[in-house]
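Participant: Quick one, structure for this:
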Amino acid sequence: MTRRLSTCLSLALSAAALAASPALAQPGGQADSSGWPAVELGARVGYDNQQRQEVVGALLRVPVLRDGSIELLPNADVTFLRGLKEYQVNLEAVYLLAGRQGGPYLGGGVGFRSTIPPNDPTAGRQTYTTFGLVVGLKFGTLDRVRPFLEFRRVFVSELAVDPQLLSFGATLVLW
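Facilitator: The predicted model follows:
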């Protein structure tokens, strides 16, 4: 692990410990009239530590359980490599340790990555199946905005590089 990634992970874990503290917990979880947690739409920016490039993405948080402890996260990212853009779409499920209040979460899922293979640039753009792990921290609400910090590791068996993304973003509660 590089020094930058280690520092970022240390900061993320420290923030997770603070957010999980009951004294600092904010009331969270906007809910509709039925008590079901609201769907959230969001954006994120980050840095891919393996490829050393910036990443921009969008996501949707869809609660699966009424207590808000499990969410589906369909999401998409664009990595801005020199002279090339890589596209990644994922469907992930995450478990929020504190439920609707936010706090730390972890999960994983499957996805597809569209890129040009580095070992054969003449082959053209190809799409690969990926598997990913995600660890994050969902902060308390700021009215209808919910900031988050997350680390994502994407495994692509056909490529030599497995992206490692550290990102910060925010979601907007849709109702």
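Participant: And the next helix or strand past the lowest-mean-pLDDT helix or strand in the chain?
Facilitator: Here the helix or strand of the chain ranked lowest by mean pLDDT, DSSP states H and E is helix 3-20, holding a mean of 44. For helix 3-20, the following helix or strand on the C-terminal side (DSSP states H and E) is strand 40-48.
Participant: what's that next one packed up against?
Facilitator: On a contact count with 3 or more Cβ pairs under 8 Å, 6 or more residues apart in numbering; DSSP states H and E, strand 40-48 meets strand 53-63, strand 145-155, strand 164-173. To be clear about C-beta, it is placed using only N, CA and C from the backbone, and glycine gets the same treatment.
Participant: which intervals of this structure have sub-threshold pLDDT?
Facilitator: The chain contains residues with pLDDT under 70 at 1-34, 119, 121.
Participant: nearest spatial neighbour of the residue positioned nearest the centre of the chain, skipping sequence neighbours?
Facilitator: A centroid search over the chain (Cα atoms, centre = their mean) returns Glu150, at 5.2 Å, as the residue closest to the centre. Sequence neighbours aside, Gly136 is the residue nearest to Glu150 in space, at 3.2 Å (criterion: Cβ to Cβ, 6 or more residues apart in numbering).
Participant: Count the residues that sit near the one you found.
Facilitator: Using other Cβ atoms under 10 Å, Gly136 has 22 neighbouring residues.
Participant: now the one 3 residues further on
Facilitator: The criterion is other Cβ under 10 Å. On that basis, Phe139 has 19 neighbouring residues.
Participant: which stretch of helix or strand covers Leu73?
Facilitator: Per DSSP H and E: strand 70-81 holds Leu73.
Participant: Same question for that strand: list its buried residues.
Facilitator: Within strand 70-81, the residues scored as buried using 16 or more other Cβ atoms under 10 Å are 70-73, 75, 77, 79, 81.
Participant: with those in mind, which one is nearest to Phe168?
Facilitator: Nearest to Phe168 among these is Asp77, at 13.4 Å by Cβ to Cβ.
Participant: From what I see, that closest one and Leu59 are in contact.
Facilitator: No. Judged on Cβ atoms under 8 Å, Asp77 makes no contact with Leu59 at a distance of 9.1 Å.
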